[in-house]
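Enquirer: need coordinates for the following:
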Amino acid sequence: MSEQPDATGAAGVTPLRVVIALCLVAPFAAMLWVGSYAKTGPAFIGVPFFYWYQMLWVLISTALTMIAYRLWQRDRRDRGGREGGVPQ
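Expert: Numbers count the residues shown, from 1 in each chain. Modelled structure (predicted):
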């Protein structure tokens, strides 16, 4: 019963990985909850709420995906240093 990490380098759930998962799941949750944006008001520059809300989530999703990617890179780099692997 040795306490060595497995050969795949897989690790358990860490707070950083939870943040990464939340960044990636948030846009899906927002778009699947249709009742929150299935309305016409308030309009923004004459565009009904339904449309501008979805377009806003395109920008938010881009930012959250970029944040998740940067956090993932940091997590991989940190794990490489601790487990004796080569940092990427």
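
Enquirer: now stretch 53-63: buried residues?
Expert: Within stretch 53-63, the residues scored as buried using 16 or more other Cβ atoms under 10 Å are 53, 57, 61. For the C-beta atoms, the positions are set from N, CA and C on the backbone; glycine is no exception.

Enquirer: from these, which land in helices?
Expert: If you go by DSSP state H, the buried residues of stretch 53-63 have 53, 57, 61 in helices.

Enquirer: thinking again about what came up before, so which of the buried residues of stretch 53-63 is the closest to L32?
Expert: Using Cβ to Cβ, W57 comes nearest to L32 of the buried residues of stretch 53-63, at 11.3 Å.

Enquirer: got a list of contacts for stretch 20-28?
Expert: Here stretch 20-28 makes contact (Cβ atoms under 8 Å, 6 or more residues apart in numbering) with 57, 60-61, 64-65, 67-68, 71-72, 75.

Enquirer: can you add distance to G12 and pLDDT and give these back as TSV?
Expert: Converted to TSV, the contacts of stretch 20-28 look like this (distance: Cβ to Cβ, whole Å; pLDDT from 0 to 100):
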residue	distance to G12	pLDDT
W57	31	94
I60	29	97
S61	27	97
L64	23	97
T65	24	97
I67	22	97
A68	18	97
L71	16	95
W72	16	94
D75	12	91
